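**Q** sequence isn't available, so here's the structure alone:
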């Protein structure tokens, strides 16, 4: 909830580490200890064999922001409450943004929307006045374009 | 990359905290310090006003696994390389799983797929033999069903 200004430089960094106790806390500590704000973070298992003999659990680090073209995608779940015309307007906006309805009651929807963070921001801004109840975002998953590997 | 067995009990926990330096590291430390493995983690800004006067930056904690019906969604970017029949098979599987092509070269695709973690696992398992190059997952975004708020 910190104010975001144009002066802030954003980087998307991909790090592959061994899944060992404490590694996550150490990686986060390296960034926050230097005063960098972690605006979003995603952690998940990927299919790589573990190097049991490694002393340093970090496999690769890549600053995608500086390493050529890449894809960034985020997912948001957005709960919107409203009836009548407000409900119809929510569905209209969902169609424009290709959001999917993943839960529905007679007076509310949960939408799933994916895309760039900017696209998600735009959709959230438009549905907020209709009746935004709750929001959950995953943070960014990123990958270089083309055939190469991180 | 730790082996997962049926004996492991999984919980999805949603925590709303103030966006202050060090809060993330503290929350993670509370879990890992008690020996809980964080299998996936998502962090993102949501639209709530900050309580500047709060001494404890944690607003709410909810164990969604134990609190009735909820929606869980994850996003994965999956790079698959292959030509000829393998390429066609990748597109076939993408259609079945409603995956979207977000990048394409003559010998590779990047697919975006969303759904439960189990659905993502199933898709990844099927495309892996075709030529899985790289995988990025966001971890889970979760929300209670119905009109209520966390």
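**A** On my side now, so go ahead. Because the structure is predicted, anything quoted here is derived from the model rather than measured.
**Q** now do the strand or helix carrying residue A:119: which elements does it pack against?
**A** Under the criterion of DSSP states H and E, residue A:119 resides in helix A:117-131. The contact analysis (3 or more CB pairs under 8 Å, 6 or more residues apart in numbering or on different chains; DSSP states H and E) places helix A:117-131 against strand A:70-81, helix A:85-96, strand A:108-115, strand A:132-144. (C-beta placed from N, C-alpha, C; glycine too.)
**Q** redo those as JSON lines? Include mean neighbour count and distance to chain B.
**A** Shown next, in JSON lines, are the helices and strands packed on helix A:117-131 (neighbours: other CB atoms under 10 Å in any protein chain shown; distance: least, CB to the nearest CB, whole Å):
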{"stretch": "strand A:70-81", "mean neighbour count": "24", "distance to chain B": "4"}
{"stretch": "helix A:85-96", "mean neighbour count": "15", "distance to chain B": "12"}
{"stretch": "strand A:108-115", "mean neighbour count": "23", "distance to chain B": "4"}
{"stretch": "strand A:132-144", "mean neighbour count": "23", "distance to chain B": "3"}
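**Q** so can I have a markdown table of these showing mean pLDDT and distance to residue B:114?
**A** Output for those, formatted as a markdown table (pLDDT from 0 to 100; distance: least, CB to CB, whole Å):
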| stretch | mean pLDDT | distance to residue B:114 |
| --- | --- | --- |
| strand A:70-81 | 94 | 6 |
| helix A:85-96 | 96 | 15 |
| strand A:108-115 | 96 | 6 |
| strand A:132-144 | 89 | 10 |
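**Q** would you mind measuring from the residue nearest to residue A:66 when sequence neighbours are not counted to residue A:145?
**A** In space, and not counting its chain neighbours, residue A:66 is closest to residue A:11: 7.6 Å by CB to CB, 6 or more residues apart in numbering or on different chains. Look at residue A:11 and residue A:145: by CB to CB, to the nearest Å, they are 17 Å apart.
**Q** ok so, going back, what residues are up against the residue nearest to residue A:66?
**A** Residues in contact with residue A:11, defined by CB atoms under 8 Å, 6 or more residues apart in numbering or on different chains, are A:63, A:64, A:65, A:66.
**Q** of those, keep whichever come out buried.
**A** Buried members of the contacts of residue A:11, scored by 16 or more other CB atoms under 10 Å in any protein chain shown, are residue A:64.
**Q** pull the most distant pair out of the contacts of residue A:11.
**A** A:64 and A:66 (7.6 Å; CB to CB).
**Q** rewinding a little: need the helices and strands packed on helix A:117-131 in a markdown table (columns: distance to residue A:15).
**A** Converted to a markdown table, the helices and strands packed on helix A:117-131 look like this (distance: least, CB to CB, whole Å):
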| stretch | distance to residue A:15 |
| --- | --- |
| strand A:70-81 | 15 |
| helix A:85-96 | 34 |
| strand A:108-115 | 23 |
| strand A:132-144 | 11 |
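**Q** which stretch among those comes nearest residue B:105?
**A** Residue B:105 sits nearest to strand A:132-144 of all the helices and strands packed on helix A:117-131, at 11.5 Å, using CB to CB.
**Q** so what strands line up beside the closest one?
**A** With DSSP bridges as the test, strand A:132-144 is paired with strand A:70-81 (antiparallel).
**Q** now the strand it pairs with and strand B:108-115, what's the angle there?
**A** Between strand A:70-81 and strand B:108-115, the angle comes out at 20 degrees (axes from the mean of the first three to the mean of the last three CA atoms, to 10 degrees).
**Q** mind checking the SS state of residue A:27?
**A** Here residue A:27 is recorded as helix under DSSP: H, G, I helix; E, B strand; the rest coil.
**Q** residues in contact with it?
**A** So residue A:27 contacts A:15, A:17, A:58 (CB under 8 Å, 6+ apart).
**Q** can you list the weak-confidence ranges in chain A?
**A** Within chain A, the segments meeting pLDDT under 70 span A:1-8, A:47-56, A:150.
**Q** which residues are in contact with the nearest residue in space to residue A:110 that is not next to it in sequence?
**A** Nearest residue to residue A:110, sequence neighbours excluded (CB to CB, 6+ apart): residue A:103, at 3.8 Å. Going by CB under 8 Å, 6+ apart, residue A:103 touches A:79, A:109, A:110, B:71, B:143, B:145, B:146.
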